[in-house]
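Asker: I need the structure of the sequence given here:
(one chain, ligands or ions: 1)
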Amino acid sequence: MNIVVTGGAGFIGSHLVDALLARGDSVVVFDDLSTGTPENLASALASGRCELRVQDVSQGIDCDIRVQEVYHLASPASPPAYLAHPLETLAVGSEGTRHALELARRDGANFLLASTSEVYGDPVEHPQRESYWGNVNPVGPRSVYDEAKRFAEALTTAYRCTHQLPVAIVRIFNTFGPRLAEGDGRVVSNFICQSLRGEPLTVYGTGEQTRSLCYVSDLVRGLQLACATAFGEPINLGNPNEMTVLDIATLILGATGSASEIVHQPLPQDDPTRRRPDIERAATVLGWSPAIDVATGIEMTVTHFAKQLGLR
Ligand SMILES: NC(=O)c1ccc[n+]([C@@H]2O[C@H](COP(=O)([O-])OP(=O)(O)OC[C@H]3O[C@@H](n4cnc5c(N)ncnc54)[C@H](O)[C@@H]3O)[C@@H](O)[C@H]2O)c1
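Answerer: Coordinates of the predicted model:
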């Protein structure tokens, strides 16, 4: 197949591109390189079946080939990235999504929206099922991301209902693995880099807040299944193994053999206190569940960062 991946030079996107190429597909990546890098696509570009077009998809998507699948991942994803670019985040969630949907409609392609567990906000229902509508502060600092994704889900649903477009809406929970951008504020890459450098690990608040971490290869497998299935209604993808942030810190200190201490800093505004996906729908509709346990995933990620930091 010919496939478009927006945001394909980023962390998840580049792993998705690698998996599509391994399946035998050809891929065109549209990415403005705001948080992604061409280095993430080094092996993909060397394959001769992947092309990188540097373009802001909020402005349009100039695609001159006929495509069978469109994966829309372009968006700042880490809090520091979207807090630094609030207007761009809203633009890519709205106009960027519309351009990606229009491309899929033009070619009758399956469309996948990379949505997020952040549509649940600070959830009062736990674990989060797809039927839960969420608890989002529409004017809080995080709203530029949360509401952009909620709008993107609404727009995708409107294309499904109005144009009968085959769509998948995937609510991604915390995902980790090699190629997470160093220093972009995500919990796993933060802790691993701090541990490897022997710096204190920064825990926001008490560290009793929970996250559920999914290894990137599991997530990518779920994205491929979801796009092919085009179920229409949202589907959670994540690992239901819920851990406190302190548990994650302890696991990473063990995996790196680091003696770093843990320091606490104030909790950012509207930081979600609990996160755990209910993945029954993914299991039923897609036959999907994560296969890589968190400790194994952390080891593979530590190996990657140690190499990147020139430490091993
Ligand atoms: N990593 C996670 O845990 C997670 C969780 C939930 C949802 N998601 C979603 O998955 C997608 C990928 O996230 P990621 O973790 O790989 O983040 P990332 O920052 O590594 O990748 C995002 C990519 O989108 C590109 N991009 C941003 N704005 C763009 C624009 N206007 N035009 C073209 N390209 C643009 C960036 O350059 C980058 O390559 C995002 O949509 C994110 O919201 C990720």
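Asker: Which parts of the stretch 201-312 of the chain are strands?
Answerer: Counting by DSSP state E, counting those that start in this stretch, the stretch 201-312 of the chain has strands at residues 201-204, 210-212, 214-215, 234-237, 242-244, 262-265.
Asker: For the shortest one, enumerate the helices and strands it packs against.
Answerer: I take that to be strand 214-215. When contacts are defined as 3 or more CB pairs under 8 Å, 6 or more residues apart in numbering; DSSP states H and E, strand 214-215 packs onto strand 175-176, helix 294-308. C-beta: built from backbone N, CA, C; applies to glycine.
Asker: Turn these into JSON lines, columns for mean pLDDT and distance to Leu113.
Answerer: Below are these laid out as JSON lines (pLDDT from 0 to 100; distance: least, CB to CB, whole Å):
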{"stretch": "strand 175-176", "mean pLDDT": "96", "distance to Leu113": "16"}
{"stretch": "helix 294-308", "mean pLDDT": "95", "distance to Leu113": "25"}
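Asker: and these, which is most packed in?
Answerer: Highest mean neighbour count of these: strand 175-176, a mean of 25 (counted as mean count of other CB atoms under 10 Å).
Asker: Paired strands for it, with orientation please.
Answerer: Sheet pairing of strand 175-176 (DSSP bridges) gives strand 214-215 (parallel).
Asker: which residues touch the partner strand?
Answerer: Outside of strand 214-215, the residues within contact range by CB atoms under 8 Å, 6 or more residues apart in numbering are 172-177, 237-239, 290, 292, 294, 296-297, 300.
Asker: close enough to count as contact, Ala74 and Gly93?
Answerer: No. Applying CB atoms under 8 Å, one finds Ala74 not in contact with Gly93, separated by 9.4 Å.
Asker: The two: who's more crowded?
Answerer: A side-by-side neighbour count of Ala74 and Gly93, using other CB atoms under 10 Å, places Ala74 first with 32 against 29.
Asker: wait, is the more buried one part of a strand?
Answerer: No. Under DSSP: H, G, I helix; E, B strand; the rest coil, Ala74 sits outside any strand and is assigned coil.
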